[in-house]
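Chemist: just the structure for this:
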Amino acid sequence: MNNFNRISELKIKASLNSAGKTVLEDQFFTAPFKIMKPFARDDGGITVYQQSASAGIMAGDQQKHDFFVNDGATLELVSQSFEKIFKMDDGAVAVRNIVAQVGSGALFVYTPLPCMPFAGSAFESKTVISLKDSTSRLVYADCICCGRKAHGEAFDYRYYKNLVEIRRESDCKLIYRDNTIFEGSDCGLFPERKAFMQTPVMYGQYSHSGTMLLFGFGVKPADLFVPLGLEPKLLYTTQNLEEAEKTAVPQVSVTQTEGSGIAIRVLANSAEQVQKIFESVSGWQKIHDAGSGKGHLRCRQLCDPAQ
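Modeler: Numbers count the residues shown, from 1 in each chain. This is a model prediction of the structure:
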């Protein structure tokens, strides 16, 4: 348990230099965080690996992350490993607050590895991302496991809360908000909560869920149907729910959001399945025709839909 009553901080600022390349203009971190030397991307941006000397998130942890991607810069931020949220005493909780600002013509790719809440854990996260205008681009992804499935733990955490807000500064508009609140059995004390998490309207037979958000790419849901092996249909019909119960194929939905964004939801039985879908979508690139100013999208093909 964290008894030091200190906030663990991580701040990163990315900007363009005189050569038009993204550089790490500023960084600041306190224990247990640190970051690796940035790796150059093919598009002139940088990839930064966030590291932690801690084994995971402990009771009493307080984390504060601030990310700034200035006009025209490209920052990809990834984590070093799965994030474990350890068991906590009654009443104890861990908290994280993330604030990000994305400038005009900038790209922020935030795709940390999946989160694994242990039995008896309690975690609260809030992420607020501000896009300067319609040219600001964002790729955001998160994935949560049901727990240590191989140890017989499934939805045995106390609770997991994750609030995500996307705002557009140019018109002071909230364009996306997702307030996820999952309540588990708390080490078996509330079996009815675990039973509810395993109903078809929640996880059903699945153990992992993921969300990916795309803003600023001009993508429509129909653009993703073929590469993701999807077909347009209503999600919550009796037939579809019955079919989902009989198959282990990951379930994927694509939704148009306010502000011309895309929300992709995934239910699967392993983090690898979720990540494979995320990686496929992350392969989309905006290709501009210098003559017409128009562009098209290309994507790496996802795994065989039959798998």
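Chemist: which parts of the longest helix seen in the chain are buried?
Modeler: In the chain, ranked by residue count with DSSP state H as the criterion, the top helix is helix 271-282. Using 16 or more other Cβ atoms under 10 Å as the test for burial, helix 271-282 gives 271, 273-278, 280-282. Yep, even glycine has a C-beta here, placed from its N, CA and C like the rest.
Chemist: list the contacts of the helix or strand harbouring V164.
Modeler: Taking DSSP states H and E as the criterion, V164 maps to strand 159-168. With Cβ atoms under 8 Å, 6 or more residues apart in numbering as the contact definition, strand 159-168 has outside contacts at 85, 115, 117, 121-134, 136, 138, 140, 142, 144, 173-184, 211, 213, 215, 259, 261.
Chemist: in strands, which of those residues appear?
Modeler: Members of these lying in strands (criterion: DSSP state E): 85, 115, 117, 122-131, 138, 140, 142, 144, 173-183, 211, 213, 215, 261.
Chemist: show me which of these are buried.
Modeler: 85, 115, 117, 122-123, 125, 127-129, 131, 138, 140, 142, 144, 175-176, 178, 182-183, 211, 213, 215, 261.
Chemist: could I get the buried residues of helix 271-282 as JSON lines with distance to L163 and pLDDT?
Modeler: Formatted as JSON lines, the buried residues of helix 271-282 follow (distance: Cβ to Cβ, whole Å; pLDDT from 0 to 100):
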{"residue": "A271", "distance to L163": "22", "pLDDT": "92"}
{"residue": "Q273", "distance to L163": "25", "pLDDT": "91"}
{"residue": "V274", "distance to L163": "20", "pLDDT": "93"}
{"residue": "Q275", "distance to L163": "23", "pLDDT": "89"}
{"residue": "K276", "distance to L163": "27", "pLDDT": "86"}
{"residue": "I277", "distance to L163": "23", "pLDDT": "86"}
{"residue": "F278", "distance to L163": "20", "pLDDT": "84"}
{"residue": "S280", "distance to L163": "27", "pLDDT": "76"}
{"residue": "V281", "distance to L163": "23", "pLDDT": "77"}
{"residue": "S282", "distance to L163": "23", "pLDDT": "67"}
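Chemist: nearest to G103 among these?
Modeler: Closest approach to G103 among the buried residues of helix 271-282 (Cβ to Cβ): S282, at 20.7 Å.
Chemist: so where's the stretch 201-307 of the chain uncertain?
Modeler: Low-confidence segments of the stretch 201-307 of the chain (pLDDT under 70): 226-227, 229-248, 282-307.
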